[in-house]
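Visitor: return atomic coordinates for the entry below.
(chains A and B)
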Amino acid sequence: MNYGILVFILGWILKIEGVLLLMPTIVGVIYREAAGRYFLFTAAIAFVAGTLMTIKNPKSRKVYAREGFVVVALAWLIMSLIGALPFTMCGDIPNYLDAVFETVSGFTTTGASILPEVESLNHCSLFWRSFTHWVGGMGIFVFMLAVVPLLGGSTFNLMKAESPGPVVGKFVPKIRDTAAILYAIYLAITIVECLLLTACGMPFFEAICHTFGTVGTGGFSVKNAGYTGYAPILQNITTFFMIACGVNFQFYYYLVGKRFKLALSMSEVKAYLIIILVSIVLIAFNIRGMYTTEEAIRHSAFQVGTIITTTGYATADFDKWPAFSQSILVALMMCGACAGSTGGGIKVSRIVLLFKTIRKELVKITHPRYIKKIQFDGVSVAHETVRNTNVFIAVYCLIFALSVLLVSIDNHDFTTNFTAVTATINNIGPGLALVGPTQNFGFFSPFSKIVLIFDMLAGRLELFPMLLLFTPSVWKRY
Amino acid sequence: MKIIIVGCGKVGTTLAVQLCQDGHDVTVLDKNPLCIRAVTSIYDVLGLEGDGSSYSTLRDAGIETADLLIAVTDSDEKNLLCCLIGQKAGHAKTVARIRNPIYNSEIRFFTKNFGLSMVINPELSAAQEIGRIFRFPSAMSVDTFSKGRVELITFVLSPSSVLVGKPLTYIHSKLKSDVLVAVVRRGAAVTIPSGNFVLEANDMVSVIIGRGLANEFFKKIGVTASPIQNVMIAGGGKVTVYLARRLIAEGINVKIIERDHARCEELSDLLPKAQIIHGDAGDEEQMLEEGIEEVDGFASMTDIDEQNIMLSLFAKQNSRGRTKLVTKITHIGFDDVISTLNVGSIINPKETTAAYILQFIRSMQASEGSNMENLYRIAGDEVEAMEFHVKESSRVTGIPLQDLKMKKNTLIGKIYRGDRLFTPGGQDTLEVGDHVILVTLAKNKFSDLNDILEA
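Guide: Okay, here's the model as predicted:
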């Protein structure tokens, strides 16, 4: 382990967080809120600490896989611990552990809140909550790689550790250009949605916060009623943008480059859209008795969009929906969005790979000498990728089961425990029963909150970086 | 520039790393995903798995907008095909590695009729380099400028030399030699020295010198070695054939030790004047029997790098230090370790190849005004010596050198004007038509003569 580079990169992350914390400070100034100064204070702490850590140049600037994974996991942890400070200092969330839960939930784009109501919070706190979604959605390291000319070439391992999906690739040879393209697309989507929401009647502050929550697929709202109080047109715009941000960003890169054929041939995107369409139809049919036809389709589409992209907004209390609809939603929670999107979950591409592996295994039982290379988008998938996917799903199940076990110590009902873990490890937000869309996570014991914090981080970073932190051999120098 | 490299072996990797450090957008193609992963996980290049001689793969790699395509797979034919497809699919310049000796005489045909910008034969370039080293036994390496009229010679200053403890001005004032000391490497420290720099024993010194003046200079400073008459070459591969041809043409006796009987017969066909020995170069007794103690030059050219190192060490030990040694290292790394061993000059055909291609790319980038004609890396790749041909007037022409604000650690070594070669002083100017030879730190990355100016 190259500790020099670890400190150096963490220093840069802190410096960036310091700059990002100036945004809520500005909001505080605009709304003349005293709480703004706590954000400024935290920004100063982060920036000074970061500067101190980056003074010394590391001896070797190579970031190998283990440095990459560990530094990403540590950075997300530290980022959350520091990002939680202003919440506690300004009194909006007096309990520091709760503030950390809220911040982790923000950065990991989970959107699970411990707050029973949010409208009494300072505007700068509300803005920071939503802004963490935006930063966490595309990733802080991708942001760093785009803006900081750093470390020369060997930073691909950082991007690999942070970006979701079984295979992380670059669009263009330079990692910096790739990161810049990702953020350019992301920023463009953000601006378009924000303008549309404002144009259709949402107040600007709410529009910008909800846009952050949508494009980052987070789910924090600035209204107690969440999305239920908004006009149907606003709900539909949000449905569209949630689903759009669950698409692999490579799709948009192809679209921008006018390579429509390549874009349309992405089988993951196709599978993702088919799953969404089928789910919308099934749920709309299932809940038709509770609403008018227009409402049934709108609510079904919104809920399917919000769950599969792991956003976590709600226009209807699906905790009161029929069991069939609930089951579909819980299944979608696990499935998650596309690789290379801002969404969480297992990812559609892994599910597709899993089904192909299962099919291969079944044929292999009937024809023991059967040789088959699993293909994806017309290209053979490396054995390593298939193996990694299988292990990923196994680890996912293990962490899931263990978390449910640990959370159940609090002695809540099974649905609550099960869906609380589902909602956090997949970075969704709301679950069912006590953690349903109109409820919050505040009632859990501190221990359960820590478990769920771990689940959120593990889910966002795709398990392995967080697990590596607990692997002793990683910390040895050789 | 956008560059596509097909074939991710040693040459491809070296090129990818170097070009990426020079700031180019590099995409590498290889059929083997492991090779791709090895490069892309540490360096900022884009890797694509696929066959580089297929149009669709090249298109995926962006051949339509690429500026340069370099084909360095194992197969000459595939490299050629790659370049042909590349030219038809886009507007990229193409470079192919062609190493089969049967194509050797047809390279001009390839470049002319297939539109290749450059054809590179690693074994031939390596043989040429070794040939130059044997011509100057006192030198560690010899590179040439201006079509051979100027030489860049690197040698180790022996403790007995008169230059030890003297400043560089001594060469001009007392020895009256028109020699320019370009670079001095002492241990790990590399200096582009000024006139009052004092030399020490065992410094690795690189000098720029006109052709035909080197022997006289070496005699004056007391770094001498008698000309080479007999060379023994262990291993009979492609480099050996090219090398033996050159040496024989210069009247040197060549003895080749080759293990494979059939290959010996082939060699005998190819090189009727060489003495071919069917023997095992790894066998001490046989080497002694063939007179390894008595040869003036010994080249370890077997396929096994480790054996080459051992052979050169063995030759060194048994020849009481008189023999000029050349060791070929092809596969293994550990450059720093090997350079500390007494194995004489080290030749790496793959690195030579990479260096040639890099030079070509650098000259591609140069503006029309001044063309880079040669580029050599010396002193462990930290210093570059290069030659520019001034084609038109620019910010650096017509101004006395002392008035030019040049970058630090940049030294204009020689100017070749018309038929006259001279070391410029502060009053001299650069003129259109000049060939300018200069040395600078490699990190400056000059591609144009105007780059010498402080920005």
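
Visitor: contacts and neighbour counts: CA atoms only from here.
Guide: Noted.

Visitor: contacting residues for the residue nearest the centre of chain A?
Guide: The geometric centre of chain A, computed from its C-alpha atoms, lies nearest to A:T109 (Cα atoms, centre = their mean), at 3.8 Å. By Cα atoms under 8 Å, 6 or more residues apart in numbering or on different chains, the residues touching A:T109 are A:132-134, A:136-137, A:213, A:216-219, A:311, A:343, A:427-428, A:460.

Visitor: all helices of the stretch 201-350 of chain B, in order?
Guide: For the stretch 201-350 of chain B, the helices defined by DSSP state H, counting those that start in this stretch occupy B:214-221, B:238-249, B:261-270, B:284-289, B:305-318, B:335-340, B:349-365.

Visitor: of all those helices, which lies closest to A:G50?
Guide: helix B:335-340 (35.9 Å; Cα to Cα).

Visitor: restricted to helices, list the contacts of A:T109.
Guide: Of the positions in the contacts of A:T109, A:132-134, A:136-137, A:213, A:460 sit in helices, assigned by DSSP state H.

Visitor: dump the helices of the stretch 201-350 of chain B to CSV, plus distance to chain A and mean neighbour count.
Guide: Output for the helices of the stretch 201-350 of chain B, formatted as CSV (distance: least, Cα to the nearest Cα, whole Å; neighbours: other Cα atoms under 10 Å in any protein chain shown):
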stretch, distance to chain A, mean neighbour count
helix B:214-221, 41, 16
helix B:238-249, 35, 20
helix B:261-270, 41, 15
helix B:284-289, 40, 13
helix B:305-318, 27, 20
helix B:335-340, 17, 10
helix B:349-365, 18, 20
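
Visitor: turn these into JSON lines, including distance to A:L145 and mean pLDDT.
Guide: Formatted as JSON lines, those follow (distance: least, Cα to Cα, whole Å; pLDDT from 0 to 100):
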{"stretch": "helix B:214-221", "distance to A:L145": "52", "mean pLDDT": "82"}
{"stretch": "helix B:238-249", "distance to A:L145": "45", "mean pLDDT": "92"}
{"stretch": "helix B:261-270", "distance to A:L145": "54", "mean pLDDT": "92"}
{"stretch": "helix B:284-289", "distance to A:L145": "57", "mean pLDDT": "88"}
{"stretch": "helix B:305-318", "distance to A:L145": "40", "mean pLDDT": "90"}
{"stretch": "helix B:335-340", "distance to A:L145": "32", "mean pLDDT": "79"}
{"stretch": "helix B:349-365", "distance to A:L145": "27", "mean pLDDT": "80"}
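
Visitor: to A:H299, which of those helices lies closest?
Guide: Closest among the helices of the stretch 201-350 of chain B, using Cα to Cα: helix B:349-365, at 59.3 Å.

Visitor: what is the closest one packed up against?
Guide: In terms of contacts (3 or more Cα pairs under 8 Å, 6 or more residues apart in numbering or on different chains; DSSP states H and E), helix B:349-365 is packed against helix B:10-21, strand B:118-120, helix B:122-135, strand B:370-378.

Visitor: quick one: buried residues of the third one?
Guide: Buried positions in helix B:122-135, judged by neighbour count with 16 or more other Cα atoms under 10 Å in any protein chain shown: B:122-134.

Visitor: give the contact list for the closest residue to A:M242 other than its chain neighbours.
Guide: Leaving aside its chain neighbours, A:M242 sits nearest to A:T214 (5.4 Å; criterion: Cα to Cα, 6 or more residues apart in numbering or on different chains). A:T214 makes contact with A:238, A:241-242, A:245, A:311 under the criterion Cα under 8 Å, 6+ apart.

Visitor: with just CA atoms, put stretch A:242-253 into PDB.
Guide: The C-alpha trace of stretch A:242-253 is given here as PDB (Å, rounded to 0.1, in the frame of the first residue of the first chain):
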ATOM      1  CA  MET A 242     -35.300   9.800 -13.600                       C
ATOM      2  CA  ILE A 243     -35.600   7.100 -16.300                       C
ATOM      3  CA  ALA A 244     -33.200   9.100 -18.500                       C
ATOM      4  CA  CYS A 245     -30.600   9.200 -15.800                       C
ATOM      5  CA  GLY A 246     -30.800   5.500 -15.200                       C
ATOM      6  CA  VAL A 247     -29.600   4.900 -18.800                       C
ATOM      7  CA  ASN A 248     -25.900   4.100 -19.300                       C
ATOM      8  CA  PHE A 249     -24.200   7.500 -20.200                       C
ATOM      9  CA  GLN A 250     -22.400   5.900 -23.000                       C
ATOM     10  CA  PHE A 251     -25.800   5.900 -24.800                       C
ATOM     11  CA  TYR A 252     -25.800   9.700 -24.600                       C
ATOM     12  CA  TYR A 253     -22.200   9.900 -25.700                       C
END
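
Visitor: thanks again, I'm all set now.
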